[in-house]
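Enquirer: have a look; sequence and predicted model below, questions after that.
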Amino acid sequence: MTHIAQNVAHIREQIRLAAQKAGRNPACISLCAATKMNDAEAVRAAIAAGVDICGENRVQELVEKSAQNAYEGAPVHFIGHLQTNKVRQVVGHVDLIQSADRPGLLEALEKEAARQGICQNILLEVNIGNEDSKSGFTPQSLLETIDEFGKYRHLKTLGLMAIPPISTHPGENFQFFSEMYNLFVDIRGKKYDNVSMVHLSMGMSNDFEDAIACGSTMVRVGTAIFGPRNYHPV
Ligand SMILES: *Cc1c(COP(=O)(O)O)cnc(C)c1O
């Protein structure tokens with residue numbers, strides 16, 4: 001086995017244990033490989049090892065790896081900050097845009113999906129830690145957006161995504177994950193046009209077990225699958 005296959009097997013086991021502890025079915029929790037800065041070969045290895053989804057952060061990487069058929073055999077999601085002038089390269093090219101994080105982007109996505117004559121699935125990203133450094137809807141603006149979501153006739157919201165503050169200790173983000181779950185359940189209990197709460201995407205390498213304890217249905221894991229990212233290639 002390659003190290004990627006070993007890592008994926010290990011994470012699956014951790015997911016199984018965390019789900020079991022929470023009285024949940026591990027089969028209902030999907031594993032999204034956060035593939036940023038990893039090449040097509042690494043992505044193929046992760047898919048061969050059985051990750052459910054590939055999540056890409058940068059438009060340029062998405063375009064390059066798509067051209068190399070890197071994602072063959074797995075759905076691909078966009079999970080990074082998306083500039084409005086790049087929506088054309090993403091809408092219609094990914095199964096889910098997890099990082100719909102502001103009204104201006106929703107307008108741009110709607111316009112592009114309408115132009116293509118498609119319905120684009122998205123998640124609404126919530127800035128649950130209220131961090132200045134992060135984009136995403138506040139819980140209040142999220143509810144306002146969902147209330148009028150019917151106006152986006154070419155978009156469908158399938159759930160929520162969150163990136164809480166970077167955690168260094170286990171349990172640190174428990175409160176944020178719980179708040180996300182409460183939002184998810186509240187919205188799920190009501191009826192809104194073009195909105196159905198299927199996915200709650202939260203939890204990364206450092207904290208996915210806590211996220212599962214709090215009700216995450218999709219974890220996005222990079223480092224624990226591929227190893228540390230080299231941000232300064234020589
Ligand atoms: C990089 C990234 C992840 C994975 O982070 P790790 O800590 O490497 O597991 C998850 N979600 C998003 C949006 C990311 O950009």
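Expert: That came through fine. Residues are numbered from 1 along each chain as shown.

Enquirer: need the three-state assignment for the residue nearest the centre of the chain.
Expert: Geometric centre of the chain, nearest residue: Gln98, 4.6 Å, by CA atoms, centre = their mean. Here Gln98 takes the strand state, with states given by DSSP: H, G, I helix; E, B strand; the rest coil.

Enquirer: in this structure it contacts Glu125, no?
Expert: Yes. Gln98 is within contact range of Glu125, at 6.9 Å (criterion: CB atoms under 8 Å). No exception for glycine: its C-beta is placed from N, CA and C like everyone else's.

Enquirer: gap between Glu125 and Lys191?
Expert: 22 Å (CB to CB, to the nearest Å).

Enquirer: quick one, which of these two is more surrounded?
Expert: Glu125 (25 against 8; other CB atoms under 10 Å).

Enquirer: where does Ile29 fall, phi/psi-wise?
Expert: phi -120, psi 120 (degrees, to the nearest 10).

Enquirer: show me the contacts for it.
Expert: Ile15, Ala19, Ile212, Ser216, Thr217, Met218, Val219 (CB atoms under 8 Å, 6 or more residues apart in numbering).

Enquirer: now do the contacts for the third one.
Expert: Residues near Ile212 by CB under 8 Å, 6+ apart: Ile15, Ala18, Ala19, Ala22, Arg24, Ile29, Gly203, Val219.

Enquirer: out of the residues you listed, which sit inside helices?
Expert: Of the contacts of Ile212, the ones assigned to helices by DSSP state H are Ile15, Ala18, Ala19.

Enquirer: out of the residues you listed, which are buried?
Expert: Ile15, Ala18, Ala19 (16 or more other CB atoms under 10 Å).

Enquirer: the ligand: which of those residues is nearest?
Expert: Ile15 (13.3 Å; CB to the nearest ligand atom).

Enquirer: hmm, that closest one is touching Ser30, no?
Expert: No. In this structure Ile15 lies outside contact range of Ser30 using CB under 8 Å: 9.4 Å.

Enquirer: wait, what's in contact with Asn127?
Expert: Neighbouring residues of Asn127 by CB under 8 Å, 6+ apart: Asp101, Lys134, Ser135, Gly136, Phe137, Thr138, Ala162.

Enquirer: give me the number of residues near the spatially closest residue to the third one that is not a sequence neighbour?
Expert: To tie it back to what came earlier, the one meant is Ser135. Of all residues not flanking Ser135 in the chain, Asp101 sits nearest, at 4.2 Å (CB to CB, 6 or more residues apart in numbering). Residue neighbour count, defined by other CB under 10 Å, stands at 22 for Asp101.

Enquirer: thanks a lot, see you next time.
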